[in-house]
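Student: this is a predicted model, with the sequence first.
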Amino acid sequence: MAEQKKIAFLVDTEGIEQVELTDPWQQVEKAGGLPRLIAPQLGEVRGFHHLTPADTFEVDLAYADADPADYDGVVIPGGVANADFLRMNADAVRFVQEVTRSGKPVAAICHGPWLLVEADVIRGKALTSFQSLATDIRNAGGQWADEEVRVCPANGYTLVTSRTPDDLPAFNREALTAFGL
């Protein structure tokens, strides 16, 4: 029997767009993968329904203790505050840089690509996101388009991106394919 694929879900402590965490998480589990929640520290993180606080989720591992080599792929949920805090966290930036350097797939939705901009790993990549990130992505060397999902294998790793929760069915389908699930 093949070893179960581990997928890292990178979040901050709050401001996570909850459905962009829970829906891909459930799809990874259904496909036989092992999702793991990685955040700045152990404890709980809080999901949001846009600006309204929602559920809490138990963290599996802190960024500083997480080894990118242990994971087969990464999901970066959106949420404006979540993504903004993520891109200011040196450990989260390092994690994404190491994952992309090793050629592992990354799936980022909504504001999630902000972390990729900060990590300087989208130069030459074609991607989508929430519309307000378009200029940031272009300034970082990416090619932005308004599409429900973009899959880009350029530069040694596969990047799957989507715009909003409305795109989750396409995002999940392409992320699972990229993860080999």
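Tutor: Structure's in. What do you need? Residues are numbered from 1 along each chain as shown.

Student: which residues does the most centrally placed residue in the chain form beta bridges with?
Tutor: Among the residues of the chain, the one closest to the centroid is residue 76, at 1.4 Å (C-alpha atoms, centre = their mean). Beta-bridge partners recorded for residue 76 (DSSP bridges): residue 108.

Student: and the gap between it and residue 135?
Tutor: 19 Å (C-beta to C-beta, to the nearest Å). To be clear about C-beta, it is placed using only N, CA and C from the backbone, and glycine gets the same treatment.

Student: could you list the low-pLDDT ranges of the chain?
Tutor: Under the criterion pLDDT under 70, the flagged ranges of the chain are 1-2.

Student: tell me where this structure has helices.
Tutor: Secondary structure of the chain (DSSP state H): helices located at 18-30, 80-87, 90-101, 113-118, 134-139, 168-179.

Student: and the contacts of the fifth one?
Tutor: With contacts defined as C-beta atoms under 8 Å, 6 or more residues apart in numbering, helix 134-139 is touched by 113-114, 117, 122, 127, 129, 143-144, 146.

Student: go on, the fourth one?
Tutor: The set of residues that contact helix 113-118 without belonging to it, under C-beta under 8 Å, 6+ apart, is 10, 76, 83-84, 86-88, 92-93, 96, 106, 108, 122, 127, 129, 133, 136-137, 140, 142, 159, 161.

Student: please redo it, this time with the cut-off set to 7 Å
Tutor: 76, 83-84, 86-87, 92-93, 96, 108, 122, 127, 129, 133, 136-137, 140, 161 (C-beta atoms under 7 Å, 6 or more residues apart in numbering).
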